[in-house]
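>>> No sequence on hand, only this structure:
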């Protein structure tokens, strides 16, 4: 007992001594994150494992394409770009560790962020290191609630998607709408806003429910949708559950329209739901190269380089890198503050979703969501 | 005999002290943001594993919903800090009370059950807490809470401050749990684990003793939750899913049930391996799983199993380390 106590005191004394010795060193403040020569390091957090692992490579390749293009044109102010990718696994803890790893690796601008709940804990990590974040995919309103100056969203937000969805549902002439989400931050954000938007337009929401992600049997949800006699179902979760939901709705004899939100826009949705069931399913999605004029040339470039078609968020990741490069060019350095100011002043820089201009909240001023429809094995623009 | 010496060394006070000092000195050796980050993650995991070790390792109560207490701690302190603006340190007493209440509510009726039934009830409890947090508005629903502050500013980098706070708390907790396990109540716990009926026959109030283990575990989990909330700054229900409960249990089993040094090593392994395997991307959990299987095949009793007998009067017999 006495030995233990004495040892404990010795340890305490040692620690205090060490503490005094090192005060004023790098333990007291974060490095500033600014330099004016050498490679400009961009960092990306994206799911490379876990349930959303399919998205990661699309985002990584999209960003890499932009990096290579900019480098082949001589880089930014003569400086080359490099891209470091870390796994976020759609898990907050993994994402936070990944963000710390990027900070340690000397990343100057973050161009990643897919799952909103996993992106939330990374905000303060990047903020403390004075690293601006250009978030290509994550778009929950919660990301902006703390009003951190370093966070910029270049994906359309829930509110823009909800407006597009409500407008389309109204135009389709639906009278009874069912909204189904998977109870994740991204998904409920859209259903709640869609419900509000539909309320403004005078369309009745007869069923608004959340299902638990990761299950295989959604017959409970399917039955309540059928009981509510809905003629339009809007699913705002991810493609895995979305595919099952479509399949089980059809199997239960549902006749009305189905629409999914951008998290479900993936070829796998069609596979999981079965090709026949998925035909005619609508989707709200940000502009993609498949759906905008002149996008085919970009797809061909991507395909030539990576040997596969671009997927969801390839374009946003591509744009995030281009926006980052533009901001560094305008700012003349990678100093976090200067880059943030440059981003705030960007006006009319051309990206896939239209000319870029940030609102005061750092979201897109104009972010067109398009309505897609499944035809064959793909999503195509609804005409 | 050589094995005995190695094992004596591993269980010695001096090694534990050395590890504690090394942990405290880490920021001087490497203050890299990433290193500090995963070190704090690992330390919080150690705290969880040591807490669960009291329940599963010492007392033999199979708890499959331990993440519930972790969630209670994180949410209680997160709510007090973000909604009411309390400093994190002031939330600790409330968290302890909340964890104890949680332990009473779930432990009260269920600790009369024997192991298998208890496992199922605790499994349900873990899911109930997570799904409740997911569906209530004041817990932020699926988005969870964000903007949780750290432990104040003392002129150091925020992550370093948190690292030292965590290290001190975890060292104290490890010491506390190890001494608790060796004391009178610890012997009662082990007796209950080995044979509940015999323990009862010998005059041990088994229900009370099991309750004590369960509540102690709950408090450890709650405090780990406070540290986690401060560390993550944003918490959401997916962080408290069944996988977490399973991983914490895995750390206890991998390290050696009932052995404090073993559980610390097990927790460090379970927490750091997936990080070190980051480069493996989607293969990460496959490799992680394979490594765990290999570890369990070659060391079924755990990496550093507990030994029966009193310190100094050891007979060299090893516990088989089974639950119940």
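Happy to help now that I have it. All values reported here derive from a predicted model rather than from experimental measurement.

>>> give the contact list for the residue nearest in space to the middle of chain B.
What sits nearest the mean C-alpha location of chain B, by CA atoms, centre = their mean, is residue B:48, with 1.6 Å. For residue B:48, the contacting residues are B:66, B:70, B:220-221, B:224, B:248, B:251, B:267, by CB atoms under 8 Å, 6 or more residues apart in numbering or on different chains. Where you see a C-beta, it was placed from the backbone N, CA and C, and this is true even at glycine.

>>> Return the member of the residues you listed nearest to chain A.
Each of those was checked against chain A using CB to the nearest CB; the closest is residue B:70, at 11.7 Å.

>>> gap between that closest one and residue A:166?
Separation of residue B:70 from residue A:166 (CB to CB, to the nearest Å): 39 Å.

>>> Neighbour count for those two, which is higher?
More crowded of residue B:70 and residue A:166, by other CB atoms under 10 Å in any protein chain shown: residue B:70, with 34 against 23.

>>> from memory the more buried one sits against residue B:244, does it?
Yes: using CB atoms under 8 Å, residue B:70 is in contact with residue B:244, at 7.0 Å.

>>> Stretch B:17-29 vs chain A: in contact?
Yes: for stretch B:17-29, a contact with chain A is found by CB under 8 Å from any CB of the partner chain, at B:17, B:20-21, B:24-25, B:27-28.

>>> now those as TSV including secondary structure, neighbour count and distance to residue A:301?
Putting the residues of stretch B:17-29 next to chain A into TSV (DSSP: H, G, I helix; E, B strand; the rest coil; neighbours: other CB atoms under 10 Å in any protein chain shown; distance: CB to CB, whole Å) gives the following:
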residue	secondary structure	neighbour count	distance to residue A:301
B:17	helix	18	61
B:20	helix	21	56
B:21	helix	18	56
B:24	helix	20	53
B:25	helix	15	52
B:27	helix	25	46
B:28	helix	13	49
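
>>> Go through those residues and name the one nearest residue A:87.
residue B:27 (25.6 Å; CB to CB).

>>> so that closest one sits right up against residue B:161, yeah?
No: contact between residue B:27 and residue B:161 fails when scored by CB under 8 Å: they sit 10.0 Å apart.

>>> Report the buried residues of the strand or helix carrying residue B:249.
Using DSSP states H and E, residue B:249 sits in helix B:242-255. Going by neighbour count (16 or more other CB atoms under 10 Å in any protein chain shown), the buried part of helix B:242-255 is B:244-245, B:247-255.

>>> do it and chain A meet?
No: looking at helix B:242-255 against chain A by CB under 8 Å from any CB, there are no contacts, and the closest approach is 9.2 Å.

>>> one step back: would you mind listing the two of the residues of stretch B:17-29 next to chain A that lie farthest apart?
The farthest-apart pair in the residues of stretch B:17-29 next to chain A, when distances are taken by CB to CB, is B:17 and B:27, at 18.6 Å.

>>> Helices - which of the contacts of residue B:48 land there?
B:70, B:220-221, B:224, B:248, B:251, B:267 (DSSP state H).

>>> what's the closest of the residues you listed to residue B:231?
Using CB to CB, the ones in helices among the contacts of residue B:48 come closest to residue B:231 at residue B:224, 10.1 Å.

>>> what's near enough to touch that closest one?
With CB under 8 Å, 6+ apart, residue B:224 has these contacts: B:44, B:47-48, B:51, B:70, B:73.

>>> Distance check, the residue nearest the centre of chain A against chain B.
For chain A, the residue nearest the mean C-alpha position is residue A:137 (1.9 Å; CA atoms, centre = their mean). Distance of residue A:137 to chain B, given as CB to the nearest CB, to the nearest Å: 16 Å.

>>> Make sure that residue is actually in contact with residue A:319.
No: with contact defined as CB under 8 Å, residue A:137 does not count as touching residue A:319 (11.0 Å).
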